[in-house]
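**Q** model this:
(2 chains)
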Amino acid sequence: MMARTLLDKLWDFHVVADLGDGWSLLHIDRHLLHDLCGTAGLLALAQKGLAVANPELAFATPDHAVSTTPGRTGTTFEPGARLWAGLKELSQKSGIRYFELGEEGQGIVHVIAPELGITLPGVSLICGDSHTCTNGALGALAFGIGSSELTHALATQTLRQRKPKAMRIGFEGKLGKGVAPKDLALHLIGKIGASAGTGYAIEYAGEAIKAMSVEGRMTVCNLSIELGSKIGFVAPDETTFRYVQGRRFAPKGEAFERALSHWRSLPADSDAGYDRDEVVRAEEIAPTITWGTSPEHAIAIDQPVPDPAAVSDLARRKAWQEALDYMALTPGRPLEGTKIDWVFIGSCTNSRLTDLREAAMIARGQHVAPGVNAWVVPGSEKVKREAEAEGLDAVFKTAGFEWREPGCSMCVAANGERVPAGARCVSTSNRNFVGRQGPGARTHLASPAMAVAAAVRGALTDIRRL
Amino acid sequence: MQPFTGITGPAATLLRANIDTDVIIRIERLTSVVREQLGPYAFEALRYRKDGSEDPDFVLNRPMYRDAPILIAGANFGCGSSREGAVWALMAAGLRCVIASSFGDIFYNNCFQNGLLPVVLPEATVRHLAAQAEQGASLTIGLLDCAITLPGGEKVSFEINAARRQALIEGLDDISRTLRQRADIVAWQSRDRAARSWIWDLSDVDRQ
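**A** As a prediction, the model looks like this:
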């Protein structure tokens, strides 16, 4: 048999039928539903007179359109109330597990799925959300879909998909001091571009990934879609298995042992070939931040604002100029020291307990600069409770941060929580698109530690100097 | 789904790379505006000035392209968020075909679910077509011959998955096609329950 990659093994396993031309009918093992996509999908299914094929494989929780104000309910953000109530009612009616606000299990879908053991190595997992690739950190085939595909998956427990090409990105060497998984991902997107991954599934490998926690791998996989890849993953290893064992929906006892032997067969064969193979030296990565309106507009924090005049391609030069105009930045000036108004620590990229610990470590004994609004939004109810048990909430509150309820909040701005027009925000989220955090909002993507440093100084700051 | 066999008309050009689905349609519009009425909100951030008036320089505001059924776009068009509303907004704005050198993977799949044709062509060909379109050429997109025809008779062929093409031509819904494969799915699942019981044995977890 030909040597196979992780992608080959994950993909081939789930093929129910070959549809020709590289397309397959794929079985879906896990389906995550949130208030924005799930409610609409369940309604669309009912309108077609169809039932949910395998409700036991679906899990629902509200995250996108709910308020994260302390003491919130499902109706606090009034335009989202209908979606929250709809998700709850339709899930329960269909026999789908639903995690309510305030209950352990609620949170950002891509935070709760791994922490509850819903995401496992070797599963195919989907959600009507492009950051579903986050779940690939456990060695799952996980990808985002649109609403029609979502309805298709509810009705049939399958999807019609074209197999992507395989790309491996090896991060060799060790990450430097103050350099986080987020920096590694932003550095990569800055280096190879926001469309480099289009049509590929990306396997992250190498010494720096091996040494990384599962949570850190989630941050890296999360940003796959910002490289253009809807699928990103890491081969499951002992770190993964330790992470999975004991979680609520993970296999137990003898079933765990059987699962383990399947999971150990998933990593690529040693002589497997890739359609594209990239190596990045981890030592070369500095704390990284975005300056523009695409995640590929990422540079080391100690670099000057790029100059469009240096770009020969006219369309690209124009895009850079427009990005700088939108961001109100001047070419050639240092990025560091640029005054900021907002800081957002949260989102499926960086809202797990490890992220909050890193942020709290910098925040301890410091205070948010005058005039800066700084929020910490834990990724899930479980993260929130664990952080509070460690006293992290007190660290943040004492330092002048607002400690909020779990949800997507300011990353997606579909919940009334947004950065005001013209305001500048350092955000641990994943998208600095025009208007993403609210019309006219100016977003700089960075790691949790860099976000805290900016909050404390009131300006873009090199964490290595704080 | 709206069937699609072909279309002729002016082509608007928007050649910057990485136009994301947040820019194509704001998330808030999808919770407050019905699908068919999303047209005026497509490319909102690019289309209107701060005071809410139309920016006359934006291509879809120029009289010639206001009703263009074709968009020629930069690489990685439709990247970012999975929102299918991006496709709905483009279609509500009158578009039936987008030509680019590459598309966001999720957006690309979403197009086929709604009858919007995404055509992938090499960058140089996209620029050639854009240059013609900017001079006012009307393009004819044919799905039966898988070709784009220019007014002078020049033809540019494109490739598309045969099953996807057929579904577009007939306006066929994927769900009904897949439901016909129900027996295969059930057989796969029954084998899998034996091989990977841990995928399926979740029922007792809540009682533990």
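
**Q** Give the helix, strand or coil label for the closest residue to B:Ile70 other than its chain neighbours.
**A** Nearest non-adjacent residue to B:Ile70, counting by Cβ to Cβ, 6 or more residues apart in numbering or on different chains: B:Ala11, 3.8 Å away. (C-beta placed from N, C-alpha, C; glycine too.) Recorded secondary structure, B:Ala11: strand (DSSP: H, G, I helix; E, B strand; the rest coil).

**Q** any idea how far B:Ala11 lies from A:Asn430?
**A** B:Ala11 is 32 Å from A:Asn430, where distance means Cβ to Cβ, to the nearest Å.

**Q** From the contact counts, what lies against the helix ranked longest in chain B?
**A** Looking across chain B with DSSP state H, the single longest helix is helix B:182-195. Counting contacts by 3 or more Cβ pairs under 8 Å, 6 or more residues apart in numbering or on different chains; DSSP states H and E, helix B:182-195 packs against strand A:15-20, strand A:23-27, helix B:197-200.

**Q** Show me which residues of it are buried.
**A** Going by neighbour count (16 or more other Cβ atoms under 10 Å in any protein chain shown), the buried part of helix B:182-195 is B:185, B:188-189, B:192.

**Q** tilt between it and strand A:23-27?
**A** If you take axes from the mean of the first three to the mean of the last three Cα atoms, to 10 degrees, helix B:182-195 sits at 50 degrees to strand A:23-27.

**Q** Give me the contact list for helix B:182-195.
**A** Outside helix B:182-195, the residues that touch it by Cβ atoms under 8 Å, 6 or more residues apart in numbering or on different chains are A:16-17, A:25, A:27, A:53-54, A:156-158, B:178, B:199-200.

**Q** Over to stretch B:124-135?
**A** So stretch B:124-135 is contacted by B:10-13, B:15, B:70, B:72, B:99-101, B:121, B:139, B:148, B:150, B:156 (Cβ under 8 Å, 6+ apart).

**Q** average pLDDT across it?
**A** Averaged across stretch B:124-135, pLDDT comes to 97.

**Q** just how off-centre is that stretch within its chain?
**A** From the chain centre to the centre of stretch B:124-135 is a distance of 20 Å (Cα atoms, centre = their mean, to the nearest Å).

**Q** swap in stretch A:4-20?
**A** So, by Cα atoms, centre = their mean, the centroid of stretch A:4-20 is 25 Å from its chain's centroid.

**Q** what about it, how long is it end to end?
**A** 20 Å (Cα to Cα, to the nearest Å).

**Q** Ok, stretch A:382-397 next?
**A** Start-to-end span of stretch A:382-397 (Cα to Cα) is 19 Å.

**Q** got the domain boundaries for chain B?
**A** B:6-172, B:173-208 (automatic domain parsing).

**Q** what's the closest non-adjacent residue to the residue positioned nearest the centre of chain B?
**A** In chain B, the residue lying closest to the centroid (Cα atoms, centre = their mean) is B:Cys111, at 3.3 Å. Using Cβ to Cβ, 6+ apart and skipping the chain neighbours, the partner closest in space to B:Cys111 is B:Pro118 (4.5 Å).

**Q** With A:Trp84 instead?
**A** Counting by Cβ to Cβ, 6+ apart, the nearest residue to A:Trp84 once its immediate chain neighbours are dropped is A:Gly74, at 3.7 Å.

**Q** what do you get for A:Arg97?
**A** A:Arg97's closest residue in space is A:Phe59 (Cβ to Cβ, 6+ apart), at 5.1 Å.

**Q** List the contacts of the one you found.
**A** So A:Phe59 contacts A:30-33, A:96-97, A:99, A:112-113, A:116, A:118 (Cβ under 8 Å, 6+ apart).

**Q** can you list the contacts of helix B:182-195 in TSV and add neighbour count, pLDDT and distance to A:Val434?
**A** Converted to TSV, the contacts of helix B:182-195 look like this (neighbours: other Cβ atoms under 10 Å in any protein chain shown; pLDDT from 0 to 100; distance: Cβ to Cβ, whole Å):
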residue	neighbour count	pLDDT	distance to A:Val434
A:Val16	23	98	40
A:Ala17	17	97	41
A:Leu25	21	97	37
A:His27	24	98	38
A:Ala53	21	98	39
A:Asn54	19	98	39
A:Thr156	24	98	37
A:Gln157	24	98	37
A:Thr158	28	98	36
B:Thr178	23	95	37
B:Ile199	22	98	41
B:Trp200	15	97	44
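
**Q** closest to A:Leu466 among those?
**A** B:Ile199 (46.1 Å; Cβ to Cβ).

**Q** about what we covered before: distance to A:Glu283 added to the helices and strands packed on helix B:182-195, as CSV?
**A** Converted to CSV, these look like this (distance: least, Cβ to Cβ, whole Å):
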stretch, distance to A:Glu283
strand A:15-20, 41
strand A:23-27, 39
helix B:197-200, 40
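
**Q** quick revisit: contacting residues for the residue nearest to B:Ile70?
**A** By Cβ under 8 Å, 6+ apart, the residues touching B:Ala11 are B:65, B:68, B:70-72, B:99, B:129-130, B:133, B:137-139.

**Q** next one: A:Gly458
**A** Here A:Gly458 is in contact with A:339-340, A:369-372 (Cβ under 8 Å, 6+ apart).

**Q** ok, now with 6 Å
**A** A:369, A:372 (Cβ atoms under 6 Å, 6 or more residues apart in numbering or on different chains).

**Q** Please report how far it lies from A:Val412.
**A** A:Gly458 is 26 Å from A:Val412, by Cβ to Cβ.

**Q** For A:Gln106, find the nearest of the helices and strands packed on helix B:182-195.
**A** When those are compared by Cβ to Cβ, helix B:197-200 sits nearest A:Gln106, at 23.4 Å.

**Q** so which of the contacts of stretch B:124-135 comes closest to A:Asp271?
**A** Using Cβ to Cβ, B:Ser101 is the member of those that lies nearest A:Asp271, at 32.9 Å.

**Q** Show me where the chain dips below the pLDDT cut-off.
**A** You didn't say which chain, so I picked chain A. For chain A, applying pLDDT under 70 flags the ranges A:1.

**Q** Switch to chain B, please.
**A** The model of chain B has pLDDT under 70 over residues B:203-208.

**Q** which bits of it sit near chain A?
**A** Neighbours of chain A within chain B, by Cβ under 6 Å from any Cβ of the partner chain: B:15-16, B:18, B:20, B:22-23, B:27, B:31, B:45, B:75-76, B:81-82, B:84, B:102, B:105-106, B:110, B:113, B:161, B:174-175, B:178, B:181, B:184-185, B:188, B:198-199, B:202, B:205.

**Q** which of those are buried?
**A** Buried subset of the residues of chain B next to chain A (neighbour count, 16+ other Cβ under 10 Å): B:15-16, B:18, B:20, B:22-23, B:27, B:31, B:45, B:75-76, B:81-82, B:84, B:102, B:105-106, B:110, B:113, B:161, B:174-175, B:178, B:181, B:185, B:188, B:198-199, B:202.

**Q** Now, these that are in helices?
**A** Reading helices off these with DSSP H, I get B:22-23, B:27, B:31, B:45, B:105-106, B:110, B:113, B:174-175, B:178, B:185, B:188, B:198-199.

**Q** which two of these lie the greatest distance from each other?
**A** Farthest-apart pair in those is B:Ala45 and B:Trp198; separation 46.1 Å (Cβ to Cβ).

**Q** who are the neighbours in contact with residue 157?
**A** No chain in the question, so chain A it is. The contact partners of A:Gln157, taken as Cβ under 6 Å, 6+ apart, are A:28, A:53-54.

**Q** my bad, chain B
**A** B:Ser157 neighbours (Cβ under 6 Å, 6+ apart): B:146-147.

**Q** so what's it bridging to?
**A** For B:Ser157, the beta-bridge partners under DSSP bridges are B:Ala147.
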